[in-house]
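Peer 1: Okay, here's the prediction I keep looking at, along with the sequence it came from:
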Amino acid sequence: GIQVEQSPPDLILQEGANSTLRCNFSDSVNNLQWFHQNPWGQLINLFYIPSGTKQNGRLSATTVATERYSLLYISSSQTTDSGVYFCAVKKRRGFQKLVFGTGTRLLVSP
Amino acid sequence: ETGVTQSPTHLIKTRGQQVTLRCSSQSGHNTVSWYQQALGQGPQFIFQYYREEENGRGNFPPRFSGLQFPNYSSELNVNALELDDSALYLCASSWADNSPLHFGNGTRLTVT
């Protein structure tokens, strides 16, 4: 099946710092989503981004489908950004499940 | 617009018992999928329902079963519970196979 790798696995930031999270995937995809899972377990949609660039406030994401990677940028981080960030993808062609990466655990300290 | 809702939020069961988890899909969504998330891991796909039929299944044994109803709500049933079934169970809905998934807040199941 498709492999999804995220880096770094853990990240500690001071409030106000910027960061880049990376997601590499091993096959062509027609669905790529970034999620934030907060400490209470809620899985929150950040972006649906199978290709191109999107921005939403302090967050932005870029997917280069031809090179099989996606980047999530967090600017001016806040303590509420803490949690686990997951990238998840679906392969092209027919029914495919959403496959999650291993996640990046982010801790933003005041 | 009502999002995906799951019930109950927490549940404690004994090994060998059976459990039913419930999910109401987001308005306008006809596809529901279920995921299991063990502690410290990413969610793992259990199965998906489209128009009341299972149309995809992950690597889970037959004691994991489901239903989708005409209003697109869904149930996940687990028989003969094992300690390793302790996890967060997430339901997600979408309006088409290629559209983004929207997740509920999950049901945290503890098996003792």
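Peer 2: In hand now; what should we look at?

Peer 1: so who does residue B:77 touch?
Peer 2: The neighbours of residue B:77, taking CB atoms under 8 Å, 6 or more residues apart in numbering or on different chains as the test, are B:18-21, B:64-67. All C-beta atoms are positioned from the backbone trio N, CA, C, and that covers glycine.

Peer 1: Could you measure from it over to residue A:62?
Peer 2: Residue B:77 sits 41 Å away from residue A:62, going by CB to CB, to the nearest Å.

Peer 1: do the same with residue A:26
Peer 2: For residue A:26, the distance to residue A:62 - CB to CB - is 19 Å.

Peer 1: what do you get for residue A:68?
Peer 2: 13 Å.

Peer 1: Would you mind naming what in chain A lies close to chain B?
Peer 2: A:30-31, A:33, A:35, A:40-43, A:45, A:48, A:86, A:88, A:90, A:95-103 (CB under 8 Å from any CB of the partner chain).

Peer 1: ok so, going back, okay if I get the contacts of residue B:77 as JSON lines plus pLDDT and distance to chain A?
Peer 2: Listed next are these as JSON lines, based on pLDDT from 0 to 100; distance: CB to the nearest CB, whole Å:
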{"residue": "B:18", "pLDDT": "98", "distance to chain A": "23"}
{"residue": "B:19", "pLDDT": "98", "distance to chain A": "18"}
{"residue": "B:20", "pLDDT": "98", "distance to chain A": "20"}
{"residue": "B:21", "pLDDT": "98", "distance to chain A": "14"}
{"residue": "B:64", "pLDDT": "98", "distance to chain A": "14"}
{"residue": "B:65", "pLDDT": "97", "distance to chain A": "17"}
{"residue": "B:66", "pLDDT": "97", "distance to chain A": "14"}
{"residue": "B:67", "pLDDT": "96", "distance to chain A": "19"}
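
Peer 1: Now that we have those, which of them are buried?
Peer 2: B:19, B:21, B:64-66 (16 or more other CB atoms under 10 Å in any protein chain shown).

Peer 1: Show the low-confidence segments of chain A, by residue range.
Peer 2: Within chain A, the stretches with pLDDT under 70 are A:93-95.

Peer 1: whoops, chain B was the one
Peer 2: Residue ranges of chain B with pLDDT under 70: B:1-2, B:97.

Peer 1: Next, the residue nearest in space to the middle of it: secondary structure please.
Peer 2: When CA atoms, centre = their mean is applied to chain B, the residue found nearest the centroid is residue B:34 (3.3 Å). Here residue B:34 is strand, with the state taken from DSSP: H, G, I helix; E, B strand; the rest coil.

Peer 1: Can you tell me the closest non-neighbouring residue to it?
Peer 2: residue B:46 (4.3 Å; CB to CB, 6 or more residues apart in numbering or on different chains).

Peer 1: Please identify the helix or strand for that neighbour.
Peer 2: strand B:44-50 (DSSP states H and E).

Peer 1: quick one: strands adjacent to that strand?
Peer 2: strand B:31-37 (antiparallel), strand B:53-57 (antiparallel) (DSSP bridges).

Peer 1: winner for burial among the ones you listed?
Peer 2: strand B:31-37 (a mean of 25; mean count of other CB atoms under 10 Å in any protein chain shown).
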